[in-house]
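# Structure for the following, please:
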Amino acid sequence: MKFAELNLEPSLASAIEKLGFSDCTPIQEQAIPHILDGKDVAGLAQTGTGKTAAFVLPLMERILRARPAPGDVTDEQKEIIEKRAFKDWKPQNFILILVPTRELAEQVQDNIIKLSVDSGLKGFAIYGGTGYDKQKEALKNGVEFIVATPGRLIDLYKEHLVDLKQVRAVVFDEADRMFDMGFKDDMKYILQRIPRERQLLVFSATLNFDVLNTVYQFGSEPVEINISRDQAKAENVKDQIFHVGSEEKPQHLLSLLKLHNPKQAIIFTNFKLNVEKITKFLVDNGVPAMAISSLLTQAQRNRVIEQFKAENHLNILVATDVAARGLDIKGVDLVINYELPMDSESYVHRIGRTGRAGTTGQAFSLVGDKDIESLARIEEYLKHKIEVGYLENEQLLQEFKPFPSHFDGHYPKSLDRGDRGPRREGGGDRGPRKGGDRGPRREGGRDNRGPRDNNRGPRGERPERGEHKNAQGQGGGQNPQGQRNDNRGPRPEHKHSGPRPQGQGGQRRHDNRGGQGQGQNQNRRHDNRKGGYVPKKAPAAPKSVGQKIAGFFKKLFS
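Residues are numbered from 1 along each chain as shown. Purely as a prediction, here's the structure:
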């Protein structure tokens, strides 16, 4: 099907023509007509098949058809408007598109900008790791599309800056990834607060039962579209595995890059600290490479993606799975898995970064001893064995600088433009959590855990009677049973500037925390009558029964 056959609004048709699009992709051909009719849709399609345009285009068409038509309208146009337009669309209404990562939010926003060039429709990407001011300003001025990660959206909603009652359609892009990253509760939280009379669209490379069950739970009965039911990965990607030892991976990685000399390549690893080591290894051996992981600030991550997309010598990107979703870079012709991912679907998404938009690509995986279990799961998911590749001895590089044992915290100079390098794990932009953005905040504030119990005492053994420290941090004033010793005498009204008098009760603090004499006063008690400390009497030994009887008769006859 061609876009011209869809009879789209003139400004939208003009934008499509300027972008050079003429034929619909399979997912667009099947999904767009249903969305134009106002139906809910659950679309399953592999990466690089045009899913974003499959929901952005028809939603734009529905908004534009809701506007007053200029001039005379033919009967055919009236029929199209009646069928497609959002009913009673108001200026404050908007479309909500939820995505799992910041990178995907920017990707969708870029598509909205390109497709709305002639229509005047506006959209804005909202996500964490950046300031609130621009996002608040955009919401204040009004937009037709809000592309958001769940955590930041919920923050703005709780501050009454986003009115979810104005949502006319909601899109969950990469819905299965959102569930994997822990956004299931966020999705339900948001769905509970938007009107039931809204259009709901779910798009992803894989759709699991949990996702569809949530959709049905909120009253939707979507048209299910699956253009790749029998195809687990993109058909334009040729993937191979190389069985190597862990210590041989750096040599094979460098050799594969030198051998194939890709125009653009992405190297995936499971560990963010490994990202920097691999990048340093490649740079040290004359292969320009850039790193992207949660260790980078958001500004650094944006800069890396922009540089990678541009035509320059920085054509190799080392990444964790944060880049496995949403990066639509058409020029990538090689993907290398330094380690196999733990789950099978991530493998599909990783290698799906190449072979996009009808092009062909290659994907190589370095399989060591620790990757064997992952390989079995992936091949079971793919329902076929992955082809095994190998490198001849003459293809393996013998001379190269060794793989670094640690990351020293220095980034390539291309990233060092005033940024201060990676932030610590505990502060700043920590990147997505196990999944990504924060979950919904509780209604009571940050959390409802209540006050911490400070009466637990130091770890290990319980303190002795003379060493116990009460909750106010005052030593020696409370015994282990919590009973206060009131025999210490009156507390002075003011602090002495000179040395404390040694003979006055209550003005000398008994503290065994020092070095000398520690533990010697544990058997002493404080006696105000004598103005100092006196030895504590040892307790009398218990009397036997015979002694008790003898004592009784002694008292009786004495």
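# Quick check: longest helix in this structure by residues?
For the chain, the helix with the greatest residue count under DSSP state H is helix 51-66.
# what about that helix, average pLDDT?
Regarding helix 51-66, the rounded mean pLDDT is 93.
# Using CSV, write down the CA coordinates of that helix.
Extracted in CSV, the C-alpha atoms of helix 51-66 (Å, rounded to 0.1, in the frame of the first residue of the first chain):
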residue,chain,number,x,y,z
LYS,A,51,6.4,1.1,14.2
THR,A,52,6.8,4.7,15.3
ALA,A,53,5.3,6.1,12.1
ALA,A,54,2.6,3.4,12.3
PHE,A,55,1.0,5.1,15.3
VAL,A,56,2.2,8.7,15.0
LEU,A,57,0.9,9.2,11.4
PRO,A,58,-2.8,8.1,12.0
LEU,A,59,-3.0,9.9,15.3
MET,A,60,-1.8,13.2,13.6
GLU,A,61,-4.4,12.6,10.9
ARG,A,62,-7.2,12.2,13.6
ILE,A,63,-6.2,15.5,15.2
LEU,A,64,-6.0,17.4,12.0
ARG,A,65,-9.3,16.1,10.8
ALA,A,66,-10.8,17.4,14.1
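# Listing request: residues of the stretch 451-558 of the chain with sub-threshold pLDDT.
Along the stretch 451-558 of the chain, the model assigns pLDDT under 70 to residues 451-543, 545, 553, 557-558.
# cool, the stretch 251-400 of the chain as well?
By pLDDT under 70, the weakly predicted segments of the stretch 251-400 of the chain are 322-328, 357-358.
# which residue ranges form the helices in it?
Taking DSSP state H, counting those that start in this stretch, the helices of the stretch 251-400 of the chain run over residues 272-284, 298-309, 344-351, 372-382.
# can I see the domain layout of this structure?
3-226, 237-415 (automatic domain parsing).
# Check the offset of the shortest one from the chain's centre.
For domain 237-415, the distance from its own C-alpha centre to the chain's C-alpha centre is 21 Å (CA atoms, centre = their mean, to the nearest Å).
# got it, and the longest one?
Relative to the chain's own centre, domain 3-226 is displaced by 22 Å; criterion: CA atoms, centre = their mean.
# Quick check: end-to-end length of that domain?
21 Å (CA to CA, to the nearest Å).
# next one: stretch 315-329
Stretch 315-329 has an end-to-end distance of 11 Å (criterion: CA to CA).
# Please apply the same query to stretch 256-265.
End-to-end for stretch 256-265, by CA to CA: 11 Å.
# re earlier: of all the helices of the stretch 251-400 of the chain, which lies closest to G20?
The stretch from the helices of the stretch 251-400 of the chain with the least distance to G20 (CB to CB) is helix 298-309; that distance is 17.7 Å. C-beta coordinates here come from the backbone N, C-alpha and C atoms, glycine included.
# how about the closest one: buried residues?
For helix 298-309, a neighbour-count test (16 or more other CB atoms under 10 Å) marks Q298, Q300, R301, N302, R303, V304, I305, Q307, F308, K309 as buried.
# Next one: the first one relative to F183, how far apart?
Right, Q298. 19 Å (CB to CB, to the nearest Å).
# re earlier: in TSV: the domains of the chain, plus distance to G546.
Below are those laid out as TSV (distance: least, CB to CB, whole Å):
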stretch	distance to G546
domain 3-226	74
domain 237-415	76
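# Just tell me which of the ones you listed ends up closest to K554.
domain 3-226 (79.1 Å).
# was I right about A45 contacting F203?
Yes. Between A45 and F203 there is a contact under CB atoms under 8 Å: 7.4 Å.
# Mutual contacts of those two, please.
The contact sets of A45 and F203 overlap at K51, A54 (CB atoms under 8 Å, 6 or more residues apart in numbering).
# Tell me the first helix or strand C-terminal of the longest helix of the chain.
helix 75-84 (DSSP states H and E).
# residues in contact with that next one?
Residues outside helix 75-84 that contact it (CB under 8 Å, 6+ apart): N7, L36, D37, G38, E61, R62, R65, A69, V73.
# let's go with 7 Å and repeat that
The contact list for helix 75-84, computed with CB atoms under 7 Å, 6 or more residues apart in numbering, reads N7, L36, D37, E61, R62, R65, A69.
# Determine which two of those are furthest apart.
Greatest spatial distance among the contacts of helix 75-84 (CB to CB): D37 and A69, at 19.5 Å.
# now for the helix or strand containing I95, which elements pack on it?
Following DSSP H and E, one finds I95 within strand 94-98. Identification of packing neighbours for strand 94-98 by 3 or more CB pairs under 7 Å, 6 or more residues apart in numbering; DSSP states H and E yields strand 145-148, strand 167-173.
# now with 10 Å?
helix 51-66, helix 102-115, strand 123-126, strand 145-148, helix 150-158, strand 167-173, helix 184-191, strand 199-204 (3 or more CB pairs under 10 Å, 6 or more residues apart in numbering; DSSP states H and E).
# Just the angle for that strand relative to helix 102-115, thanks.
140 degrees (axes from the mean of the first three to the mean of the last three CA atoms, to 10 degrees).
# Having no further points to raise, I will conclude here.
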